[in-house]
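> Pasting a predicted model and its sequence here:
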Amino acid sequence: MAPDTTTTSVIDVSALGILVTTLQRRGFTVIGPTVRDGAIVLAELTSADELPFGTGVRLDGGRYRLRARDDRAAFGHAAGPQSWKTYLHPARERLWSAPRDGSAAPEPSGTPRSMVSTGASTEPETYPASGMSTEQRPRYAFLGVRPCDLRAIGILDRVLAGGAHPDAAYQTRRDGILVIAVECTEPGETCFCTSMGAGPGADDGFDLALTELIDDDGGHHFTVRIGTEADADLLRDLPHECADAATRERSAQAVADAANNMGRTMETAGLRELMVRNRNSTHWDDVASRCLTCGNCTMVCPTCFCTTTEDVTDLTGEHAERWRRWDSCFDLDFSYIHGGSVRTSTASRYRQWATHKLSTWHDQFGSSGCVGCGRCIAWCPVGIDLTAEVAALRAAEEGSP
Amino acid sequence: MPRPKLAVWKFTSCDGCQLTLLDCEDELLGLAGQVEIAHFLEASRAVSPGPYDISLVEGSVSTPDEAERIRHIREVSRTLVVIGACATSGGIQALRNFADVAEFRSIVYATPHHVRTLARSTPISAHVPVDFELRGCPIDKHQLLEVRTAFLVGREPNIPRHSVCFECKARGATCVMAADGIPCLGPVTQAGCGAICPAFRRGCFGCFGPVDSPADAAVNVAALADRLRAMGMSEDDIVRVFRTFNAAAPAFADATGGVR
Amino acid sequence: MNHVVPRRYRVVDNVEETYDTTTLTLEPIDAAIAAPAPGQFTMLTSFGVGEVPVSVSGDLHEHTSLVHTLRAVGAVTTSLATARPGNVLGVRGPFGTGWDLAAGMGRDLVVIAGGIGLAPLRPVLYAALAAPSSFRRVITLIGARTPRDLLYGRQMSTLSARPRFDVWTTVDHPSPDWCGSVGVVTTLLERVPLDPEHTVAYVCGPEAMMRFAAEALLDRGVPAKQVQVSLERNMRCGAGLCGHCQLGPLLLCRDGPVNTYDQVLSLMTTKEL
């Protein structure tokens, strides 16, 4: 049966519990927002009770704080410390293993084997990645994907699976994922998705799109739309009814209000050209005086996809493996070629990140690389604000004839 | 083919990094099969003469004798790998570099004229060329094993030169600076520990020293100090957080007013 | 086939070209990679040591074997350069854009090489040799640091003896027995008679050298879109997925390494881009 994408339904908050158990019964590992370590993180949910009911956030440059809400909203919070790329494009995964003497062909992934891995002593040897068979690999249902992050997933799809050489591991992980978006009705102080055309409403790329509505009398429900590619059975197991015109209107209004309630804005008219024109701007040196080159902005960014590889051997030196891990244009060795790194100054590294995100991404992948989620602002240890830096570039141009 | 000869040397240090080597229990048996442990006093009193294929050096140079001894060890070692904060930056004993060691000596020791010590505690690289530096107080076991397996097959060791934040994010730990307002040296500290402290909701202590970078692209410690100030930390406390195990590492020392 | 996993190739020949440069000939053990075009590169793996991008340098009419010339400058290239016949290496690719040979049809080819940059250009010369009537003249200008660094010496002198093929060579630092030109490769260019409108140039070498050579060609009236350069950045994945090889709007493993100079002029002159 083709999904009915024209009807908006309405479910009670109690249906979230049924939704999670239904998904689990169907074999999905449900990932969603939950409070842990002083933040709303994305983690496996065993039940809908683990959603951050009644918890909101207060954000600023370099600052993220949980706060108690006046209501019991489950999705009344902006983007947290992680994005969905944690699950779609893991921080570390093995690509293949092979005997070092070439006596057998390299085996893509394979069963986990003890191997010297660099860095974190406590990290797992493998992630749910190409290294697992179809039976072992979890099938994810993403619950509570914000529209900005929905766009970010679309961007990752284009970058990692849309070119001439798609990343097979990414495609395999991505293919089975069920996406339940929740439209944004309460943007944070660092949010600017409206500027980037990436929210707060959800257009496509989801199986279900929910909008959270809380009545003055404490009534708590969600309007639900079904995506064009969705499994029509999804709604069947949930007690739902057809949303009346007033409810649909309320839901649309909540999203429209959110669009006008962004904590930050970024002027995007001529932005691509602005960034290219300002390659030699002295403003990059000003940013460099504040930037720590720690790489946090790139790692929290839901679209930053850069990786590097490490070739390792076991203690006997007889077995070789190649691992892929997140990398960042802020790492000095990122641009290393024989003779030295191309980008050594902090100014050139920040310029690369900002210009790629806002300008050259269009040339490479046909869209902006920024969805306005504001993570790079909130999680920058020194509070560098991309929207402010772009505004400064603009102001400098306008100030000089 | 004879097994490569490994030697382990101690200078001014607490022996913790050598203990990390001994802590590689499972791997040590394999190691013993592949290399001849020719000099490792903490493990065995048996000593065979040099030259040595690989020397691991722990500790800083803080006495005239040590300054002499390291030159000899360099001469008899094909590859010299220095391990730990003492050997790579001077260690916590380099706090003397910020003060008058003669004054310390007169206060601490009953017969100070018996104590022969240098005015400064310095890293091994200040005295002889070094082939590889492994950071940490103490060093990380996995990094040590990576260096060993890398040398075995002729690979450049996978020892990243980036901040602790990379490891924090990779393991999914929430930033303690942004979420808790806890001062943390992670953004300017070299990765390698696996972000242990932030994962337990503590700020990074900077055990691995400032992110390894050339002098003309030194990590921006001053900007972090500014942020700590803005978070309400006193000047004394700012000096204190940077003056620990890697106090004399230039990027940290410069941010606290420099050495004497 | 997954482009992330290297295919095994056996070393069948290892020729020492200079004191630090080696040419490897490789034969596939399992399935071969697709036939590379002149100017493309592969990712070569020394198992357990690492992987580097290396341009193809052989006669690409011989499809089954892969020929790569590489300079031993780091751990991986040293390991590859010391691979003996029978040793097994990994190969991924081919990746990137190749030299646009069609652009040179019926015209003068000017091939300008600096140091190891001659290796990626050798397939252009092989292609010209295979179809000599397709081109008017083939002028090859070779610059090297010292006479010891000159690649493919015998092959280049054979080439210069052929009609319509010219080979000019210069070194920065001559040895006592050197009787050829001294100076950077652009000094050769000044002495070469050019028909700029009907010239297509293929340039590969250190970035500064390519910039000077391209500017010298422009000064002589060769249009920038008729000057092809092969750029180097940190190629890691080869597939446009890892982000390392960016040069402004370009992902050089995908949109390069070969680009016409009009496309990259402003990028090559921006510091630390």
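Received it, and whenever you're ready, just let me know what you need.
> Do you have the strands of the stretch 151-273 of chain C handy? List them.
Taking DSSP state E, counting those that start in this stretch as the criterion, the stretch 151-273 of chain C carries its strands at C:165-171, C:181-182, C:199-204, C:227-230, C:246-247, C:250-251, C:258-260.
> got those strands as JSON lines, with mean neighbour count and mean pLDDT columns?
The C-beta positions use only the backbone N, C-alpha and C, and glycine is treated the same way. As requested, the strands of the stretch 151-273 of chain C are exported to JSON lines (neighbours: other CB atoms under 10 Å in any protein chain shown; pLDDT from 0 to 100):
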{"stretch": "strand C:165-171", "mean neighbour count": "20", "mean pLDDT": "96"}
{"stretch": "strand C:181-182", "mean neighbour count": "15", "mean pLDDT": "96"}
{"stretch": "strand C:199-204", "mean neighbour count": "26", "mean pLDDT": "98"}
{"stretch": "strand C:227-230", "mean neighbour count": "26", "mean pLDDT": "98"}
{"stretch": "strand C:246-247", "mean neighbour count": "25", "mean pLDDT": "97"}
{"stretch": "strand C:250-251", "mean neighbour count": "23", "mean pLDDT": "98"}
{"stretch": "strand C:258-260", "mean neighbour count": "22", "mean pLDDT": "98"}
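> how about the residues of the stretch 51-200 of chain C near chain B?
Proximity of the stretch 51-200 of chain C to chain B, by CB under 8 Å from any CB of the partner chain, involves residues C:74-76, C:78-79.
> would you turn the residues you listed into TSV with pLDDT, neighbour count and distance to chain A?
Formatted as TSV, those follow (pLDDT from 0 to 100; neighbours: other CB atoms under 10 Å in any protein chain shown; distance: CB to the nearest CB, whole Å):
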residue	pLDDT	neighbour count	distance to chain A
C:Gly74	95	15	7
C:Ala75	96	18	10
C:Val76	97	22	8
C:Thr78	97	17	12
C:Ser79	98	23	11
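> Spell out the secondary structure type for B:Arg155.
Here B:Arg155 is recorded as coil under DSSP: H, G, I helix; E, B strand; the rest coil.
> ok, now which ones touch it?
Neighbour list for B:Arg155: A:311, A:313, B:149, C:48-50, C:75, C:79 [criterion: CB atoms under 8 Å, 6 or more residues apart in numbering or on different chains].
> Filter those residues down to the buried ones, ChimeraX style.
The buried residues among the contacts of B:Arg155 can be selected in ChimeraX (16 or more other CB atoms under 10 Å in any protein chain shown) with this line:
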select /A:311,313 /B:149 /C:48,49,50,75,79
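> Can you tell me which of the contacts of B:Arg155 end up in strands?
Among these, the members found in strands (DSSP state E) are A:311, A:313, C:50.
> Also near chain B: which of those, exactly?
Counting by CB under 8 Å from any CB, the members of those near chain B are A:311, A:313, C:50.
> Mind jotting down where the helices sit in the stretch 151-300 of chain A?
Ranges of helices in the stretch 151-300 of chain A, per DSSP state H, counting those that start in this stretch, are A:168-175, A:193-196, A:245-259, A:271-277, A:283-290, A:296-300.
> who are the neighbours in contact with A:Leu95?
Going by CB under 8 Å, 6+ apart, A:Leu95 touches A:108-109, A:130, A:169, A:309, A:321-324, C:4-5.
> Just the closest of the residues you listed to chain B, please.
Chain B has its nearest neighbour among the contacts of A:Leu95 in A:Trp323, at 8.6 Å by CB to the nearest CB.
> thinking that closest one is in contact with A:Thr309, fair?
Yes: the pair A:Trp323 / A:Thr309 is scored as a contact, 6.6 Å apart, by CB atoms under 8 Å.
> pLDDT at A:Glu123, what is it?
Here, the pLDDT recorded for A:Glu123 equals 38.
> quick one: the residue of the stretch 51-200 of chain C found nearest chain A from chain B, how far?
Chain A sits closest to C:Val88 of the stretch 51-200 of chain C, with a gap of 2.4 Å, by CB to the nearest CB. From C:Val88 over to chain B the distance is 14 Å, taken as CB to the nearest CB, to the nearest Å.
> Name every strand pairing with the strand or helix carrying C:Val11 and say which way it goes.
Element membership for C:Val11 (DSSP states H and E) is strand C:7-16. In the sheet, strand C:7-16 lines up against strand C:21-28 (antiparallel), strand C:88-95 (antiparallel) (DSSP bridges).
> quick one, what contacts the residue nearest to A:Ser103 when sequence neighbours are not counted?
For A:Ser103, ignoring the flanking residues on the chain, the nearest one in space by CB to CB, 6 or more residues apart in numbering or on different chains is C:Val88 at 7.7 Å. With contact set as CB under 8 Å, 6+ apart, C:Val88 has these partners: A:101-103, C:8-11, C:29, C:47.
> Whether stretch A:318-334 contacts chain C - can you check?
Yes: applying CB under 8 Å from any CB, one finds stretch A:318-334 in contact with chain C at A:319-320, A:322, A:327, A:329, A:334.
> what two of the residues you listed have the greatest distance between them?
By the measure CB to CB, A:His319 and A:Cys329 form the most distant pair in these, at 32.0 Å.
> which one of these two has more residues nearby?
A:Cys329 (25 against 18; other CB atoms under 10 Å in any protein chain shown).
> Quick check: phi and psi at that one.
Phi and psi for A:Cys329, reported as degrees, to the nearest 10, are phi -70, psi 0.
> Residue ranges in the stretch 101-250 of chain A under the pLDDT threshold?
Scanning the stretch 101-250 of chain A with the threshold set as pLDDT under 70 gives A:110-136.
> Could you check which residue of it lies nearest chain C?
The nearest approach of the stretch 101-250 of chain A to chain C comes at A:Gly102, 2.4 Å away (CB to the nearest CB).
> Report the contact partners of that residue.
By CB under 8 Å, 6+ apart, the contact set of A:Gly102 is C:8, C:10, C:29, C:47, C:87-90.
> show me the contacts for residue 247.
In the absence of a named chain, chain A is used. A:8, A:10, A:213, A:223.
> that's the wrong chain, I wanted chain C
Shown in contact with C:Leu247 (CB under 8 Å, 6+ apart): C:231, C:233, C:256, C:264, C:267, C:273.
> Only whichever of those residues are buried, select them in PyMOL.
In PyMOL, this line selects whichever of the contacts of C:Leu247 come out buried by 16+ other CB under 10 Å:
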select buried, chain C and resi 231+233+256+264+267+273
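> Return the residues of the stretch 101-250 of chain B in contact with chain C.
Contact residues (CB under 8 Å from any CB) of the stretch 101-250 of chain B with chain C: B:153-156.
> May I ask which of those residues has the most neighbours?
B:Arg155 leads those on contacts (other CB under 10 Å) with 24 neighbours.
> From A:Val312, how far off is that one?
In this view, B:Arg155 and A:Val312 are 8 Å apart by CB to CB, to the nearest Å.
> what about burial for the contacts of C:Val88, which qualify?
Here, 16+ other CB under 10 Å leaves A:102, C:8-11, C:47 buried among the contacts of C:Val88.
> picking up where we left off before, beta-bridge partners for the residue nearest to A:Ser103, please?
C:Val88 forms beta bridges with C:Arg10, as assigned by DSSP bridges.
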